[in-house]
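Peer 1: what follows is a predicted protein model with its sequence.
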Amino acid sequence: MKKILIAGLGRSGLASAKMLAGANELCCWDCKPRSSFDELSLAELESLGVSLCFGEAPELEDFDELLLSPGISAEGELAKRARSLGIRVTGELEAAFENCRGKFVAITGTNGKTTTTELSGEMFKAAGLKAEVVGNIGLAASSRAAEADEDSYMITEVSSFQLETADSFRPFISAILNLTPDHLDRHGSFEEYIRMKARIFVNQTGEDIFVYNADDVEAEKLAQTCRTKKFAFSRKFKPQTPCAFARGGVLCVDEGCGEIEIIETRDIRIPGAHNLENALAATAISFSAGIDADIIASVLRSFEGVEHRIEFVRELAGVRYINDSKATNPDSAIKAIEAVSPPIILIAGGYEKNSDFRELIELFAGRVKHLLLLGTTAKRFAASAIACGFDADKITFADSMSGAVKTAAKLAEAGDSVLLSPACASLDMYANYEERGKEFKSLVKAL
């Protein structure tokens with residue numbers, strides 16, 4: 001029986017503990033006090049024989065393995081100390097893979113992961129396959145891993161944080177949607193961030209499939225380095241087969257036996273060029289798994305999108321309010337600004353990830369009429385906006401989401417769009433982007 005220390009008692013840590021309890025001697029630790037957590041969840045762990053520790057970390061010498069939640073860096077002091085003692089350092093995704101009999105379909109990228117994962121999951125389910133939609137999307141893979149059998153598909157949204165500790169992880173299908181600078185506060189450089197993302201296919205063989213965006217320079221480069229079967233997708237041209245592509249207003253696939261028309265792009269329910277990319281990615285994933293073109297088309301016609309991603313909240317006095325809290329980096333916010341009808345009152349800012357806002361700000365001309373900023377990035381964001389020529393008189397600081405929504409409502413006129421698209425993570429003010437988005441929606445509905 002292994003002695004395992006699980007570091008972090010968020011969703012991933014709790015799910016890992018429940019999955020591993022019984023077969024291992026477990027201790028769950030978190031630096032936050034016990035009062036920070038749901039007591040019922042903690043009591044459930046204790047009933048399974050899991051010991052709990054809060055505050056100062058226990059002595060690592062007592063353990064065989066350290067399992068990190070995604071929020072704890074594999075290059076942090078705790079992990080370094082464990083490795084120096086010869087203790088295995090792993091993570092929740094790796095543990096789920098090791099304890100699961102199902103096939104993993106793993107989806108990563110800077111943007112579009114959640115929509116593509118949800119959309120792919122709907123296609124697998126519509127085809128009558130046993131599919132679990134899990135991962136960074138909100139439901140930890142560990143929470144479903146033990147129940148999966150050989151006929152199950154784990155449709156998994158995977159983050160760069162989870163891939164840090166993915167050593168043997170080998171998905172049946174992997175996908176990289178796009179790569180732009182993100183999480184530089186964690187990974188240190190764009191090159192290291194790309195290296196982490198590439199771990200999604202490093203253990204795949206010629207029997208497996210790698211789906212990638214042929215329009216993305218970095219994803220295309222990575223495709224040249226992997227030894228799997230490849231399935232490209234593009235909204236700009238027809239790549240080398242097998243591929244999914246858009247041409248003449250039609251989404252098509254070609255596995256080498258001739259083109260198959262799936263759906264007219266205007267009939268895809270989720271709007272925007274970025275969502276066409278997500279639709280192409282999900283089509284490539286599903287078609288390469290053997291799902292029929294008619295089933296793929298049916299799901300594309302009915303899928304309405306995901307919460308917190310360019311989500312219409314309400315219209316009041318001719319003003320549309322849109323929740324895009326999931327835009328945790330500038331590139332994601334760019335896609336929202338391109339998709340939302342101007343004039344836009346933009347609520348942005350949040351946790352500092354050392355992102356470059358210039359490309360985002362360059363889109364403001366003719367689109368963003370006022371910028372409302374909150375969070376730890378607010379002053380740096382404002383300085384970048386002014387340096388790029390945005391009028392300082394059109395920038396307002398808010399100390400809370402409530403203040404931002406009230407100010408936006410006062411500034412807005414009929415025909416305007418109030419868009420929450422922070423371009424930053426939420427951790428300075430919220431537990432996660434979901435909490436941030438839910439507060440925005442609640443405040444908007446109360447106007």
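Peer 2: Cool, the structure landed.
Peer 1: CA atoms for contacts and neighbours, from now on please.
Peer 2: Noted.
Peer 1: is it true that residue 204 touches residue 225?
Peer 2: No - here residue 204 does not reach residue 225: they are 11.7 Å apart, not a contact under Cα atoms under 8 Å.
Peer 1: pLDDT weak spots in the chain?
Peer 2: Within the chain, the set of residues satisfying pLDDT under 70 is empty.
Peer 1: can you list the domains in it?
Peer 2: 3-92, 100-302, 311-445 (automatic domain parsing).
Peer 1: got JSON lines for those domains, with mean neighbour count too?
Peer 2: Converted to JSON lines, these look like this (neighbours: other Cα atoms under 10 Å):
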{"stretch": "domain 3-92", "mean neighbour count": "17"}
{"stretch": "domain 100-302", "mean neighbour count": "21"}
{"stretch": "domain 311-445", "mean neighbour count": "19"}
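Peer 1: now do the strands in the stretch 301-447 of the chain.
Peer 2: Applying DSSP state E, counting those that start in this stretch to the stretch 301-447 of the chain gives strands spanning 311-316, 319-323, 344-348, 368-373, 395-397, 417-420.
Peer 1: any idea which element residue 131 lies in?
Peer 2: Element membership for residue 131 (DSSP states H and E) is strand 130-135.
Peer 1: equivalent analysis for residue 107, please.
Peer 2: Here residue 107 is assigned to strand 103-108, by DSSP H and E.
Peer 1: can you list the neighbours in contact with that strand?
Peer 2: Identification of contacts with strand 103-108 by Cα atoms under 8 Å, 6 or more residues apart in numbering yields 97, 113, 116-117, 150-160, 170-177, 197, 200.
Peer 1: what do you get for stretch 86-99?
Peer 2: Residues contacting stretch 86-99 (Cα under 8 Å, 6+ apart): 12-13, 16, 63-70, 74, 79, 82-83, 104, 135, 141-142, 145-146, 162-163, 165-170.
Peer 1: rerun at 7 Å
Peer 2: For stretch 86-99, the surrounding residues in contact (Cα atoms under 7 Å, 6 or more residues apart in numbering) are 12, 16, 64-69, 79, 82-83, 141-142, 145-146, 162, 165-167, 169.
Peer 1: can you check stretch 370-388 too?
Peer 2: 345-352, 357-358, 361-362, 392, 394-400, 404, 428.
Peer 1: first to last residue in that stretch, what's the distance?
Peer 2: One end of stretch 370-388 sits 15 Å from the other (Cα to Cα, to the nearest Å).
Peer 1: doesn't residue 113 make contact with residue 137?
Peer 2: No - counting by Cα atoms under 7 Å, residue 137 does not reach residue 113; the two are 8.2 Å apart.
Peer 1: follow-up on the earlier one: after the strand holding residue 107, next one along is what?
Peer 2: Next along the chain after strand 103-108, taking DSSP H and E as the criterion, comes helix 113-126.
Peer 1: show me what that following helix is packed up against.
Peer 2: strand 130-135, strand 152-157, helix 273-288, helix 293-302 (3 or more Cα pairs under 7 Å, 6 or more residues apart in numbering; DSSP states H and E).
Peer 1: angle of the third one against strand 103-108?
Peer 2: Looking back up the chat, that one is helix 273-288. Counting by axes from the mean of the first three to the mean of the last three Cα atoms, to 10 degrees, helix 273-288 lies at 160 degrees to strand 103-108.
Peer 1: now for helix 273-288, which elements pack on it?
Peer 2: Judged by 3+ Cα pairs under 7 Å, 6+ apart, the packing partners of helix 273-288 are helix 113-126, strand 229-234, strand 243-247.
Peer 1: so what's residue 39 up against?
Peer 2: Not one residue lies near residue 39 by Cα under 7 Å, 6+ apart.
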